[in-house]
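J.: After the sequence you'll find the predicted model.
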Amino acid sequence: MNKKKIAIISVIAVVLIYLAYNYFSTSNEDEVYLTSKVKKGDFISEVITSGEAQSTSLKKINGPDNLRKFRLNNLKIQDLVSEGTIVKKGDYVGRLDPSSVNEQILDARLNLETAQSKYTQQQLDTTLSLKQERNSIKDLKFTMEETKLELKQSIYEPPATIKKLEINLEKANRGLKEKLENYIIKKRQANAKMVEVGTQVSKINKKLTDLLDLLKSFTIFSNGNGMITYDKNWDGSKKKVGSSISPWNPTIASLPDLTKMESKTYANEVDIRKIKKDLPVKIGFDAFPDVQMEGIVTDVANVGEKKRGSDIKVFQVLIKIKGSNDNIRPGMTTSNKILTFERKDVLSIPLEAVFSKDTITYVYTKSGFSILKKQVKIGDSNNDSVIITGGLTEDDIVYLNKPEGYDATQITKLN
């Protein structure tokens, strides 16, 4: 090879190195240009939320259902089996603090003793009073018999004497009738008083019996087979030992049907617009990363609620879990990928590559050794990418950040 050819090759090599340097490097050493290829394939949009697994069918295990009758409120849970315990019907579940009922039982027993004492006293008073009335009636009858004998023996007495005896007999007869009438009235009065004090005794005795039955119901047993899950308070915290139950919410635990599960989750105001009923969902579980189940959106709340500890409004979404898995338990954290839409065989680029000016959407794309500012048409988007419906082809290279010095470059518009 002669010197002339070597010189020509050297010049060409220097030019190529220079051009390559200008192409792959920037005028500003601190600026790094990121690029991406236009991809063709299936495009999906997902809303990813975190939720909690729960059963759609469960039996509630309640405390006593007649607490209001005895004016009992805020009963403390004294003992409770561990959450997740497998129980059978009739197995022990927990116990409520009986102190408030024991106080009422003690009062009822004291009141019963007092009422029984009054009943006995009234019984004795009635017996004595009626006995006196009966003796008085007998005395009058004896007096009448004596008067009749005297009258019978006085046929030879003066008329005045006979008349006096007749008057005495008539008075005794009227007195006897009055005594008999009074006796009947007093007997009815005594019976009424006995019924009154007897009713009071029965009433207190029944209350005592009901309280003793109520005390038995403070020990709570399972009403079915299943796994114990704790009930929740109004603030979302779980009931446990030391928590209270009320007559309006006597539930302390529940037995969920593990074959009927759903994921309860919440979506923000932006994502909720994309979520509709019957959308498919892929559900994962933090406790079992290898488990993934299919689901379907069954309910989307129309009204938002404030997220606890924040002013952000969220909307409740319920997702039915298809099938069942022995590892899944209520209360487990779920990861829900809600498929809001899917497109087949479309072009897409990262959202960072799309820019806009006025009403024109454009990208920066490589064109040979230069950079072209080109108008594009976009379609639906997800959290990362956007569909390109015009202006680019598969494998075109676009910039993810603006190349320096091209702000004033004219946009190549679509035909």
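T.: Great, that's in hand. Numbering: from 1, shown residues only.

J.: the strands in the stretch 51-200 of the chain, which residues?
T.: 58-62, 75-80, 86-87, 92-96 (DSSP state E, counting those that start in this stretch).

J.: quick one: buried residues of the second one?
T.: Going back to what we said before, that points to strand 75-80. The neighbour-count check on strand 75-80 (16 or more other CB atoms under 10 Å) flags 75, 77, 80 as buried. For every residue, glycine as well, the C-beta is placed using N, CA and C.

J.: List the contacts of that strand.
T.: 63, 67, 93-98, 100, 230, 239-246, 252-253 (CB atoms under 8 Å, 6 or more residues apart in numbering).

J.: Quickly find the element holding the residue lying closest to G295 once chain neighbours are set aside.
T.: Of all residues not flanking G295 in the chain, V281 sits nearest, at 3.9 Å (CB to CB, 6 or more residues apart in numbering). Element membership of V281 [criterion: DSSP states H and E] is strand 280-285.

J.: What is that strand packed up against?
T.: strand 288-300, strand 313-321, strand 333-350 (3 or more CB pairs under 8 Å, 6 or more residues apart in numbering; DSSP states H and E).

J.: After the helix or strand bottoming out on mean pLDDT in the chain, heading C-terminal, what element do we hit next?
T.: Using mean pLDDT, DSSP states H and E, helix 3-24 stands out as the lowest-scoring helix or strand of the chain, at a mean of 61. Later in the chain than helix 3-24, the nearest helix or strand by DSSP H and E is strand 35-37.

J.: Just checking: what are the partner strands of that following strand?
T.: strand 397-399 (antiparallel) (DSSP bridges).

J.: what residue of this structure is the furthest out?
T.: Taking CA atoms, centre = their mean, the residue of the chain most remote from its mean C-alpha position is Y156, at 104.9 Å.

J.: got the domain boundaries for the protein?
T.: The chain is divided into the following domains under automatic domain parsing: 48-54+260-342, 60-97+218-252, 101-215.

J.: In JSON lines, list the strands of the stretch 51-200 of the chain along with distance to A408 and mean pLDDT.
T.: As requested, those are arranged in JSON lines below (distance: least, CB to CB, whole Å; pLDDT from 0 to 100):
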{"stretch": "strand 58-62", "distance to A408": "67", "mean pLDDT": "89"}
{"stretch": "strand 75-80", "distance to A408": "73", "mean pLDDT": "93"}
{"stretch": "strand 86-87", "distance to A408": "73", "mean pLDDT": "87"}
{"stretch": "strand 92-96", "distance to A408": "76", "mean pLDDT": "94"}
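
J.: Relative to R329, which of the ones you listed is closest?
T.: strand 86-87 (11.2 Å; CB to CB).

J.: what pairs with the closest one, and is each one parallel or antiparallel?
T.: Paired strands of strand 86-87, with direction, are strand 226-227 (antiparallel) (DSSP bridges).

J.: quick check, distance from the very next helix or strand once past the strand it pairs with to the centre of its chain.
T.: Next in sequence after strand 226-227, counting helices and strands by DSSP H and E, comes strand 229-230. Chain-centre distance of strand 229-230: 11 Å, with CA atoms, centre = their mean, to the nearest Å.

J.: Partner strands of strand 229-230, with direction?
T.: strand 251-256 (antiparallel).

J.: Pull the residues that contact the next helix or strand after the partner strand.
T.: Sequence-wise, the next helix or strand downstream of strand 251-256 (DSSP H and E) is strand 261-268. For strand 261-268, the surrounding residues in contact (CB under 8 Å, 6+ apart) are 47, 49-56, 275, 281, 283, 295, 298, 307, 312-321, 324, 328, 330, 334, 336.

J.: in strand 261-268, what's buried?
T.: Neighbour-count burial for strand 261-268 flags 261-263, 265-267 (criterion: 16+ other CB under 10 Å).

J.: what's the answer for stretch 101-115, then?
T.: 101, 104-105, 108, 111-112, 115.

J.: P350: which of those residues is nearest?
T.: Comparing those against P350 with CB to CB places V101 closest, at 67.8 Å.

J.: re earlier: so which of the helices and strands packed on strand 280-285 is nearest T120?
T.: Checking the helices and strands packed on strand 280-285 against T120 by CB to CB gives strand 313-321 as the closest, at 65.1 Å.

J.: Can you list the neighbours in contact with that closest one?
T.: Identification of contacts with strand 313-321 by CB under 8 Å, 6+ apart yields 49, 51, 53, 56, 261-269, 272, 275, 281, 283, 293-307, 328, 336, 338.
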